[in-house]
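Undergrad: Got a predicted model here, sequence first, then my questions.
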2 protein chains.
Amino acid sequence: MNKKIKTILKEDARVKVSGSLWLESDGKHFFGPGPVELLERIAETGSISEAAKQMQMSYKKAWELVNALNMQTKNPVVIPRTGGEKGGGSIITEEAKALINYHREMRKRFTKFLEEETQRLKI
Amino acid sequence: MNKKIKTILKEDARVKVSGSLWLESDGKHFFGPGPVELLERIAETGSISEAAKQMQMSYKKAWELVNALNMQTKNPVVIPRTGGEKGGGSIITEEAKALINYHREMRKRFTKFLEEETQRLKI
DNA sequence: CTCCGTTATATATTTAAAAATATAACGATA
DNA sequence: TATCGTTATATTTTTAAATATATAACGGAG
């Protein structure tokens, strides 16, 4: 019989089980917490560059995240519009909203999983 | 009602839910797949440096992983011995074996979680 | 008491990732 | 048609991470 974990770890250590979760295709991550937040901010601001700025992310990286997402979906999740009164902007589609919502639900289940695992550590 | 995910993603994309899992204390990761494999190889080879070489990891990083682990446990998981016939070596303790075993079990549950989530994508 | 290969540690170098910078196209508006 | 800020893209620079290199201590075996 193995020792229990809580008898092994230092008592004062506030240890928890943590992790991250994403969607991947062909081994490449294309959807996770970062893209979700980015989509939300694009929806709010109507601009990829402004969303990126809010997240202290380079425009390039933001664009790459958006692009990677668009590559995995039948219809784009972000529709860009260049030129015009404000120089341009971007809107997110219903598909993007569905992805955001899906991620929220999945995240809830993952959080529950992590909490259960953390609890198990202490038994 | 939101669109279903499988109607959004490209049909040919072999998408799956993936993730990673670790133990952290004070926000610092100290136990995950890397350290587990390292411990196993130290057990096999009796040497941190040999284990590191097998994993194509620098000795420094290997030592840091071992050290970070030892810092979180009451008793060390790896006991080093310097000098001697082979110049030295390291053995892992019962505590290390328990950690390895614990990780295996946790990993099983996580794999199940990921499979369920991947399945859910396709509904 | 010399020789090993390993641990332990510091320092230097390399590499890869990220960010910063630069530039052109775009189109509504004034 | 000149202006504006954004998208899109390439190129350069910066930063951080990882690796490589160097060095000393160690102790059993020959």
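TA: Nice, I can see it.

Undergrad: From here on, just use CA atoms for contacts and neighbour counts.
TA: Fine.

Undergrad: Point out the residues in chain A that sit beside DNA strand C.
TA: A:56, A:57, A:58, A:60, A:61, A:82, A:83, A:84, A:85, A:86, A:87, A:88 (C-alpha under 7 Å from any atom of the strand).

Undergrad: out of those, who's near DNA strand D?
TA: A:60, A:82, A:83, A:84, A:85, A:86, A:87, A:88.

Undergrad: And these, which two are furthest apart?
TA: Greatest spatial distance among these (C-alpha to C-alpha): A:60 and A:85, at 22.8 Å.

Undergrad: Let me know the distance separating the spatially most central residue of chain A from residue B:15.
TA: Most central in chain A under C-alpha atoms, centre = their mean is residue A:33, positioned 1.3 Å from the mean C-alpha point. Distance from residue A:33 to residue B:15, counting by C-alpha to C-alpha, to the nearest Å: 17 Å.

Undergrad: do residue A:40 as well
TA: Relative to residue B:15, and taking C-alpha to C-alpha, residue A:40 is found at 22 Å.

Undergrad: These two: who's more crowded?
TA: When neighbours are counted by other C-alpha atoms under 10 Å in any protein chain shown, residue A:40 and residue B:15 differ, and residue B:15 comes out ahead with 22 against 16.

Undergrad: Run through the neighbouring helices and strands of the longest strand along chain A.
TA: Looking across chain A with DSSP state E, the single longest strand is strand A:15-25. With contacts taken as 3 or more C-alpha pairs under 8 Å, 6 or more residues apart in numbering or on different chains; DSSP states H and E, strand A:15-25 sits against strand A:28-31, helix A:94-121, strand B:15-25.

Undergrad: Mind putting those into a markdown table with mean pLDDT?
TA: Listed next are the helices and strands packed on strand A:15-25 as a markdown table, based on pLDDT from 0 to 100:
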| stretch | mean pLDDT |
| --- | --- |
| strand A:28-31 | 94 |
| helix A:94-121 | 97 |
| strand B:15-25 | 95 |
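
Undergrad: now these as CSV including distance to DNA strand D?
TA: Formatted as CSV, these follow (distance: least, C-alpha to the nearest atom of the strand, whole Å):
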stretch, distance to DNA strand D
strand A:28-31, 16
helix A:94-121, 15
strand B:15-25, 15
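
Undergrad: Tabulate these (a markdown table), appending distance to residue B:50.
TA: Output for the helices and strands packed on strand A:15-25, formatted as a markdown table (distance: least, C-alpha to C-alpha, whole Å):
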| stretch | distance to residue B:50 |
| --- | --- |
| strand A:28-31 | 31 |
| helix A:94-121 | 31 |
| strand B:15-25 | 24 |
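
Undergrad: Show me which residues of chain A are close to chain B?
TA: A:2-5, A:8-10, A:13-26, A:72-75, A:95, A:98-99, A:102, A:106, A:117 (C-alpha under 8 Å from any C-alpha of the partner chain).

Undergrad: which among the residues you listed end up buried?
TA: Neighbour-count burial (16 or more other C-alpha atoms under 10 Å in any protein chain shown) applied to those gives A:5, A:8-10, A:15-19, A:21-25, A:72-73, A:75, A:95, A:98-99, A:102, A:106, A:117.
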